[in-house]
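Visitor: here are the coordinates; sequence isn't available:
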């Protein structure tokens with residue numbers, strides 16, 4: 001780890017080394033440019049100019065330098081991230097608290113209560129608009145990276161998947177549609193167990209296909225090893 005997992009302030013972001021793979025944001029990288037640089041790199045020459053023990057470290061350094069050319073740095077956020085949505089959420093909580101206190105106060109006027117309601121409704125509208133702007137921005141970023149960074153796009157699209165199961169539907173031996181997870185598990189268990197032989201069976205039928213013709217039959221001479229074979 002590049003940071004202490006037991007630090008006293010978990011909200012403090014990890015301090016990544018300035019020159020490391022973990023400091024790079026691979027969600028915003030153009031992988032086509034990385035592939036072009038890797039294809040142009042003369043990695044075979046690295047093997048010729050160094051020893052086998054030093055080659056992994058030198059290769060890691062070259063790959064890091066290539067990635068640093070086209071990959072942006074991660075934007076390390078501070079503990080006090082004053083985003084508009086968080087600011088609005090804090091404002092909403094304060095107004096709701098004032099509204100509850102005013103509702104229990106005998107001196108609160110109707111005009112004051114109506115003013116607080118209007119402010120709360122405006123904050124709700126601002127929160128809705130902030131969420132929509134954030135969703136639109138993330139969607140535009142994902143669409144722009146369909147070709148350059150498919151991993152980012154599919155990761156974003158998977159968040160909105162309605163079906164979380166990897167196998168939502170199957171057909172049984174009667175061609176009936178099955179969506180129940182228990183029935184799907186039974187069908188898969190029966191399908192995979194049917195390809196194995198019963199170890200307790202006494203009568204096992206011969207294979208229905210002809211065995212292949214061995215051009216070089218196995219002999220005991222093939223098991224002889226010499227020093228040259230090592």
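Guide: Thanks, I have it. Being a predicted model, the structure only gives us computed values, none of them experimental.
Visitor: Give me the nearest residue to residue 116, chain neighbours excluded.
Guide: residue 99 (4.7 Å; Cβ to Cβ, 6 or more residues apart in numbering). The way it works is simple: take the backbone N, C-alpha and C, and place the C-beta from them, glycine included.
Visitor: what's next to the helix or strand harbouring the one you found, contact-wise?
Guide: Using DSSP states H and E, residue 99 maps to helix 84-104. Applying Cβ atoms under 8 Å, 6 or more residues apart in numbering, the contact partners of helix 84-104 are 108, 112-113, 116-117, 119-120, 123-124, 126-127, 130-131, 134.
Visitor: Buried subset of those as a ChimeraX selection?
Guide: Here is the ChimeraX command that picks out the buried ones among the contacts of helix 84-104, judged by 16 or more other Cβ atoms under 10 Å:
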select :116,119,120,123,126,127,130
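Visitor: re earlier: give me the distance between the residue nearest to residue 116 and residue 108.
Guide: Residue 99 is 10 Å from residue 108, where distance means Cβ to Cβ, to the nearest Å.
Visitor: Same check on residue 26?
Guide: Taking Cβ to Cβ, one finds residue 26 at 55 Å from residue 108.
Visitor: quick one, strands of this protein?
Guide: 170-171, 177-178 (DSSP state E).
Visitor: deepest of those, which one?
Guide: Of all the strands of the chain, strand 170-171 has the most neighbours on average by mean count of other Cβ atoms under 10 Å, namely a mean of 14.
Visitor: picking up where we left off before, need the strands of the chain in TSV with mean pLDDT, can you?
Guide: Shown next, in TSV, are the strands of the chain (pLDDT from 0 to 100):
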stretch	mean pLDDT
strand 170-171	82
strand 177-178	84
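Visitor: Output those as CSV; include the columns distance to residue 60.
Guide: Formatted as CSV, the strands of the chain follow (distance: least, Cβ to Cβ, whole Å):
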stretch, distance to residue 60
strand 170-171, 45
strand 177-178, 50
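Visitor: biggest helix in the protein, by residue count?
Guide: helix 110-144 (DSSP state H).
Visitor: How far off centre is it?
Guide: 29 Å (Cα atoms, centre = their mean, to the nearest Å).
Visitor: Next, the angle from that helix to helix 84-104.
Guide: 160 degrees (axes from the mean of the first three to the mean of the last three Cα atoms, to 10 degrees).
Visitor: Which other helices and strands does helix 110-144 contact?
Guide: helix 84-104, helix 150-158 (3 or more Cβ pairs under 8 Å, 6 or more residues apart in numbering; DSSP states H and E).
Visitor: Now tell me which of the ones you listed the model trusts least on average.
Guide: Here the lowest mean pLDDT among these goes to helix 150-158, at a mean of 80.
Visitor: centre of the chain versus it, how much separation?
Guide: 8 Å.
Visitor: which residues of this structure score low on pLDDT?
Guide: 1-18, 76-83, 162-166, 194-199, 201, 204-209, 230 (pLDDT under 70).
Visitor: what residue of it is the furthest out?
Guide: residue 107 (55.1 Å; Cα atoms, centre = their mean).
Visitor: This completes my enquiry, with thanks.
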